[in-house]
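Participant: dropping the sequence and predicted coords here.
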Amino acid sequence: MSYIKLHDKTFNTYLSEEEIQQKVKGIADQLNLDYKDRRPLFVAILNGSFMFAADLFKYLTVDAEISFIKLASYKGMKASGNVITAIGLEMDLFDRDVVILEDIVDTGKTLHQFLPKLDHQQPKSLKIAALLHKPEATQYQLKIDYLGFSIPNKFVVGYGLDFDGLGRNYKEIYQLAAGS
Ligand code: 5GP
Ligand code: MG
């Protein structure tokens, strides 16, 4: 399939299933080395990361745990902007080797705001694994410890990522077509 239509927009294939799987396996291979005998705790951020998290987890051979959370953003009282809270984070992170799983880092704002909340629980280590990163969109500097693909600053869908609710079910990643 070379293009898909979601709502009124057209998207072209950008990353194939094979390219994605190869990259996800590569990240898992590295994690298997880095977290040998450490029993890492993965924290996957819903909704977008569910497919990445599921595939990555299947490629892990180290003892590992996983927990899924949702981030809710609401306008705080202060002018400093939105406040981010985690829904569903029941695990105690104290003294754990934690790896955040994110579908895509765009401006970096979400993780930049959320990481201090996790750090507050004093994990032994805290790393970020992201499937996609748009370096040109960076507004908040973040260290992505495990990265799949650096991509141009264009809207993408598929493999868990949506456009207004649709497109998460595709095995490939698609890019918004020019003029769409
Ligand atoms: P950030 O806070 O880094 O600017 O944005 C992160 C979140 O914005 C991602 O987790 C994702 O939900 C959403 N996002 C950013 N870029 C894209 C994109 O190209 N496609 C989709 N579907 N979501 C995106
Ligand atoms: Mg997301």
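Facilitator: Looks like it arrived, so ask away. Ligands and ions are numbered 1, 2, ... in the order given.

Participant: from now on I want contacts and neighbour counts done on CA atoms only, so please keep to that.
Facilitator: Will do.

Participant: show me which residues of this structure are close to ligand 1?
Facilitator: Applying C-alpha under 6 Å from any ligand atom, we find that the chain lies next to ligand 1 at 48, 103-110, 154-157, 161-163.

Participant: what residues sit buried inside stretch 100-109?
Facilitator: 100-108 (16 or more other C-alpha atoms under 10 Å).

Participant: for it, give the mean pLDDT please.
Facilitator: Mean per-residue pLDDT for stretch 100-109: 96.

Participant: and P40, how far from T110?
Facilitator: Per C-alpha to C-alpha, to the nearest Å, P40 is found 22 Å from T110.

Participant: so those two - more neighbours on which side?
Facilitator: Taking other C-alpha atoms under 10 Å, P40 and T110 do not tie; P40 has more neighbours (22 against 16).

Participant: I'd say the more buried one and D97 touch.
Facilitator: Yes. Contact criterion C-alpha atoms under 8 Å: P40 and D97 qualify, at 4.9 Å.

Participant: which ones are touching S16?
Facilitator: Contact analysis of S16 by C-alpha atoms under 8 Å, 6 or more residues apart in numbering lists 171-173.

Participant: return the closest of these with respect to ligand 1.
Facilitator: I173 (9.7 Å; C-alpha to the nearest ligand atom).

Participant: so which elements touch the longest helix along the chain?
Facilitator: In the chain, taking DSSP state H as the definition, the longest helix is helix 17-34. In terms of contacts (3 or more C-alpha pairs under 8 Å, 6 or more residues apart in numbering; DSSP states H and E), helix 17-34 is packed against helix 50-59, strand 146-150.

Participant: mind checking the pLDDT average for stretch 168-180?
Facilitator: Mean predicted confidence for stretch 168-180 is 96.

Participant: gap between that stretch and the chain center?
Facilitator: On the basis of C-alpha atoms, centre = their mean, to the nearest Å, stretch 168-180 sits 17 Å off its chain's mean C-alpha point.
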